[in-house]
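Trainee: Have a look at this prediction, sequence included:
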Amino acid sequence: MRKFIIKRLAISVVILFFVALIVYTIMRCMPASFVEKMAREKASLPGGKSYREWLEQLEAAYGLNKSIPAGFIHWLGQAIRGNFGDSWAFNVPVTEKFSEVIWDSFTLGAISFIFEILIAVPLGILAARKQYSRTDYAVTVFGLIGISLPSFFFATLLKYVFSIKLGWFDLFGMIGRMYEHLSPFGKFLDRANHLVLPIVTLTIVNIGALMRYTRTNMLEVLNSDYIRTARAKGLSERRVINYHAFRNTLIPIVTIIGGTLPGLFSGAMITETLFQIEGIGYTAYQAMTTGDIPFSMFYLVFLAMLTLLGNLIADILYAVVDPRVRIN
């Protein structure tokens, strides 16, 4: 196992290097950037330098006058030291802005992820146990609705019904207007109230795939020979399902769960933008629309790191979930 982990980490470093190179190349080839916007603003001031002079000065200050390979090597050397530069759009170090917004996204992603597991896995198992029944059809339809619903449409629908028509929740933000005047428990309830609709949105739109995946794999396991043998030996149906069948269903589910790790930290860009939650997804959207290369680079490379880490954790969990799986 140790050799396997070391080998996978080495491969991940190589993959991350080329991903960072591709991302840096794309960022440098964007048609517009914050530097160009800043140069236009400074050139429009009376008695100032021309746009071209300002552009050359700013590109030299940010290292954009170098070739793409030279610029990437310079960026990589700084990134290894933990220096990702200053955000052009927010005028603070990238890591400082990241640490400021990441925890709202983590809270949103973690809570929705827990609800997704607690709802999707039991419903998928229930649908498999009652195959072709009304329960199975109801769960299948519910899962297909979740898969088919675009997050922007469902979030807009929730806001229209529960915010505009019923007035139960605020339309935007993480806190209300009277937040500073509330007690500590009141502040907690206020933030929780603002998280309800985003969490419902993320849970419903993501629940369908895991539900269908669980149902399909449970059906495959229930038709196995060892399940029929367990039933023939007189074991209770609860023990057959919860112990023998469910344990073997976990292997493919682990792949899905490991792949969702990036979502816990990367934020839900569309949902956060619609609800104007200043998490990492909404902040990255603002950075990309303004051409903020330092923050966009950090965000995309961070997603790549989380994806590689999620795949590694999923591979390790295979051996934990099923003793038959061994890494040579």
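Mentor: Noted; the coordinates are in hand.

Trainee: mind giving me the domain ranges of the protein?
Mentor: Following the assignment in automatic domain parsing, the chain carries domains at 32-83, 94-321.

Trainee: Could I get the full set of helices for the stretch 151-300 of the chain?
Mentor: 151-158, 184-222, 225-232, 237-239, 246-259, 261-266, 269-275, 280-289, 293-321 (DSSP state H, counting those that start in this stretch).

Trainee: Of those, which shows the lowest average pLDDT?
Mentor: Ranked by mean pLDDT, the helices of the stretch 151-300 of the chain end with helix 261-266 at the bottom, a mean of 68.

Trainee: coming back round to it: closest to A39 out of the helices of the stretch 151-300 of the chain?
Mentor: helix 293-321 (14.5 Å; Cβ to Cβ). Where C-beta positions appear, they are placed from N, C-alpha and C, glycine not excepted.

Trainee: Would you format the helices of the stretch 151-300 of the chain as JSON lines with mean neighbour count included?
Mentor: Below are these laid out as JSON lines (neighbours: other Cβ atoms under 10 Å):
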{"stretch": "helix 151-158", "mean neighbour count": "16"}
{"stretch": "helix 184-222", "mean neighbour count": "19"}
{"stretch": "helix 225-232", "mean neighbour count": "13"}
{"stretch": "helix 237-239", "mean neighbour count": "10"}
{"stretch": "helix 246-259", "mean neighbour count": "18"}
{"stretch": "helix 261-266", "mean neighbour count": "20"}
{"stretch": "helix 269-275", "mean neighbour count": "22"}
{"stretch": "helix 280-289", "mean neighbour count": "22"}
{"stretch": "helix 293-321", "mean neighbour count": "19"}
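
Trainee: Make a markdown table from these and add distance to L64 to it.
Mentor: Below are these laid out as a markdown table (distance: least, Cβ to Cβ, whole Å):
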| stretch | distance to L64 |
| --- | --- |
| helix 151-158 | 34 |
| helix 184-222 | 36 |
| helix 225-232 | 62 |
| helix 237-239 | 64 |
| helix 246-259 | 35 |
| helix 261-266 | 26 |
| helix 269-275 | 26 |
| helix 280-289 | 16 |
| helix 293-321 | 8 |
